[in-house]
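Enquirer: Give me a 3D structure for the following:
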Amino acid sequence: MATPSLLDTITSGAQNALNAASEAVSNAASNVASTASNAASNAASTTGNAVSNVTANNAAATAANAASAPTTPQTPAVPATPSPAETPAATAPQVAATNAIVDPKPLKKIVYPFLGLTQRDGQQITPEIADALQYLKVWARVGDGFYPLGINGQFHGGIHFDGETAGVLAQHLGIRCIADGEVIAYRVDNQYPKTDYSTGGATFSSGFVLVRHRLQIPKNLMQAEATPVANPSPSTTEVMYFPFAIDADADWNVGMRRFGSGRSGGARSHAGCDLYSEVGRAIYAVTEGEVIEGPRAFYAGTHFLAINHGSFSILYGEIKPGSSPFSRGNRVEGGQKIAEVGRLNNYPQAMLHLEMYDNSHSGENMLLGTALPGKMLNGRPTHRREDLINPAPYLNQWKLNKPNGSN
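Expert: Down below sits the predicted model:
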């Protein structure tokens, strides 16, 4: 008989070892199936109800299937480390309820997670930040939590906003979603967990909100789209005018004048920005467009005029009745006088109330009436169309280009 080669010996030994391991795994799986089946039957017998019977049978069937499955050895799972008694459990991540996965809409608008925070004329204002360099300067203030490496030299997958950035960002107003999207999951701590260090304990948050956004690459990266985007940008190349020939009498970014501030005792949110002025001040079209509604009754004895400016529409509100020579279907030019500021019956301060829409719902009326909540801001209804947007960042840019008018 020929002497087996070293390779044959190794191969035979490996095969025997593999057969032994396979048999051991098969026996272990059969024991698990038998134990699970007995436990399930005992549970069904003890409870004596139909639900438990179904559960027991399913458990037994699952265990039997596991025993008959291919016996490929699996790496054992590492046991989970028990949570310390003083560490409260966070709520399990919640998944947005839906019958089917729906792709989020393409991005129409991108903003930074916080408004700016600064002082002007002794007042605190919260302007929209449109310059990326401003945010980069803000990020330079943080004490840790950099991307892609943290302060400890390890990989860090995000960025931090902390006490150092709170002085220049309006973090006290809450975190904004940076773009249109779909909430996939979230978790909110019932009580902050605690970690013990040699220097003492510290609480931390394990809460999060996971939002899925769709980023679409432009059809032609070398050439701009011929059609205007649905949502205008303060940096647009169109000639844009401020609606007054002079500055407004007060900042529209703060107080009751700002977009989203409370109205009617907190029952609704302000749907626009208020530009204070005297009665009779001329109002100018911010750019060319077509009158789509009005002039007609609006609020406290004043009228409004709505103009479609192509990529967006503006409602010019609280204008003087009879001061506008335009009507539906008329064309206006950018910087052209369209009306005058009216007098409110119940308020001593005159103003232009300006609302802005991105035209994604252009087939509907802007004013929905009190029966419909419409666009929600800060948890309150505006009773306005869903494509209502904040005009403040655009006004902040347009004020640099005033029309040539008498007032």
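Enquirer: got the CA positions of stretch 280-298 in CSV?
Expert: Below are the C-alpha coordinates for stretch 280-298, written out as CSV (Å, rounded to 0.1, in the frame of the first residue of the first chain):
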residue,chain,number,x,y,z
GLY,A,280,-48.5,106.8,2.3
ARG,A,281,-44.9,105.7,1.7
ALA,A,282,-44.5,104.3,-1.8
ILE,A,283,-44.1,100.6,-2.3
TYR,A,284,-42.1,99.2,-5.2
ALA,A,285,-42.1,95.8,-7.0
VAL,A,286,-39.0,93.8,-6.0
THR,A,287,-38.7,92.6,-9.6
GLU,A,288,-40.8,92.2,-12.7
GLY,A,289,-43.9,90.1,-12.6
GLU,A,290,-47.6,89.7,-13.1
VAL,A,291,-50.4,90.6,-10.7
ILE,A,292,-52.3,87.4,-9.7
GLU,A,293,-54.6,88.7,-7.0
GLY,A,294,-56.0,91.9,-5.7
PRO,A,295,-56.0,94.6,-4.7
ARG,A,296,-58.6,93.6,-2.3
ALA,A,297,-59.5,93.7,1.4
PHE,A,298,-56.8,92.4,3.7
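Enquirer: Buried residues, that stretch. List them.
Expert: For stretch 280-298, a neighbour-count test (16 or more other C-beta atoms under 10 Å) marks 281-295, 298 as buried. Where C-beta positions appear, they are placed from N, C-alpha and C, glycine not excepted.
Enquirer: And stretch 265-272, by the same measure?
Expert: Arg268, Ser269, His270, Ala271, Gly272.
Enquirer: tell me the domain ranges of this structure?
Expert: Domain ranges of the chain: 22-68, 111-178, 255-398, per automatic domain parsing.
Enquirer: Now distance to His213 and mean pLDDT too, for these, in JSON lines please.
Expert: Output for the domains of the chain, formatted as JSON lines (distance: least, C-beta to C-beta, whole Å; pLDDT from 0 to 100):
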{"stretch": "domain 22-68", "distance to His213": "38", "mean pLDDT": "48"}
{"stretch": "domain 111-178", "distance to His213": "8", "mean pLDDT": "81"}
{"stretch": "domain 255-398", "distance to His213": "17", "mean pLDDT": "92"}
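Enquirer: Of those, which is nearest Gln191?
Expert: Evaluated with C-beta to C-beta, the domains of the chain place domain 111-178 nearest to Gln191, the distance being 20.6 Å.
Enquirer: out of the domains of the chain, deepest packed?
Expert: When the domains of the chain are scored by mean count of other C-beta atoms under 10 Å, the highest mean neighbour count falls to domain 255-398 (a mean of 19).
Enquirer: And that one, end to end?
Expert: 21 Å (C-alpha to C-alpha, to the nearest Å).
Enquirer: what does stretch 313-332 give?
Expert: Taking C-alpha to C-alpha as the measure, stretch 313-332 stretches 13 Å from start to finish.
Enquirer: for Glu164, helix, strand, or coil?
Expert: coil (DSSP: H, G, I helix; E, B strand; the rest coil).
Enquirer: That one contacts Gly143, doesn't it?
Expert: Yes: in this structure, Glu164 is within contact of Gly143 by C-beta atoms under 8 Å, at 5.8 Å.
Enquirer: now the helices for the stretch 51-200 of the chain?
Expert: Taking DSSP state H, counting those that start in this stretch as the criterion, the stretch 51-200 of the chain contains helices spanning 132-139.
Enquirer: where exactly do the strands run in it?
Expert: 94-95, 118-120, 123-125, 182-187, 194-197, 200-203 (DSSP state E, counting those that start in this stretch).
Enquirer: looking at the ones you listed, which is closest to Ala250?
Expert: With respect to Ala250, and counting by C-beta to C-beta, the nearest of these is strand 123-125 at 9.1 Å.
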